[in-house]
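J.: coords below, sequence missing:
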């Protein structure tokens, strides 16, 4: 995941060298790439998991800020904000996926503890 974020940040930093029209198109395309992980997090129930919900809200807020930066002609700041939004959205997805797995693991640990406390009949 860190590698994906690094690649995204590098891509966004390098895209600042393009023309205004190409840069605007890239920002619009990148904005749509943040939509996918935001939707995925929502579908995974990130809103019901406090840590994931926080990251999801950050991603949504940062996406809106990026759109405002673009409207104000601050393309580089917009691109940086979109990179942050994508990273936060991907983190929300990871946290939403992790929650049920962690709950299952905790349940298994409790079962093991119960079994360890139960006397063995011979």
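T.: Sure, I can see it. Only a predicted model underlies this, so the values are computations on that prediction, with no experimental measurement involved.
J.: For residue 42, which non-adjacent residue is spatially closest?
T.: What sits nearest to residue 42 in space, not counting adjacent residues and going by Cβ to Cβ, 6 or more residues apart in numbering, is residue 56, at 7.0 Å. Where you see a C-beta, it was placed from the backbone N, CA and C, and this is true even at glycine.
J.: Residue 44 too?
T.: Computed as Cβ to Cβ, 6+ apart, the closest residue to residue 44 that is not its neighbour in sequence is residue 96, at 3.7 Å.
J.: hang on, the one you found packs against residue 53?
T.: No: with contacts counted by Cβ atoms under 8 Å, residue 96 stays clear of residue 53, the gap being 9.0 Å.
J.: Give me the common contacts of these two.
T.: Between them, residue 96 and residue 53 have residue 46 as joint contacts when contacts are counted by Cβ atoms under 8 Å, 6 or more residues apart in numbering.
J.: Those two: which has the busier surroundings?
T.: Each of residue 96 and residue 53 has its neighbours counted (other Cβ atoms under 10 Å); residue 96 has more, 24 against 17.
J.: For that one, give me the pLDDT.
T.: Confidence per residue is given as pLDDT, and for residue 96 that number is 95.
J.: Does anything pack onto the helix or strand hosting residue 89? Which helices or strands?
T.: The secondary structure element spanning residue 89 is helix 75-117 (assigned by DSSP states H and E). In this structure, helix 75-117 packs against helix 2-15, helix 20-43, helix 50-71, with contacts taken as 3 or more Cβ pairs under 8 Å, 6 or more residues apart in numbering; DSSP states H and E.
J.: If you average pLDDT over each of the ones you listed, which is lowest?
T.: helix 2-15 (a mean of 48).
J.: got a list of what the residue nearest to residue 44 touches?
T.: Residues 41, 44-46, 49, 52 are the ones in contact with residue 96 under the rule Cβ under 8 Å, 6+ apart.
J.: Find the nearest non-adjacent residue to residue 97, please.
T.: In this structure, residue 97 finds its nearest non-sequential neighbour in residue 44, 6.2 Å apart by Cβ to Cβ, 6+ apart.
J.: tell me the contacts of the one you found?
T.: Contact analysis of residue 44 by Cβ under 8 Å, 6+ apart lists 52, 93, 96-97.
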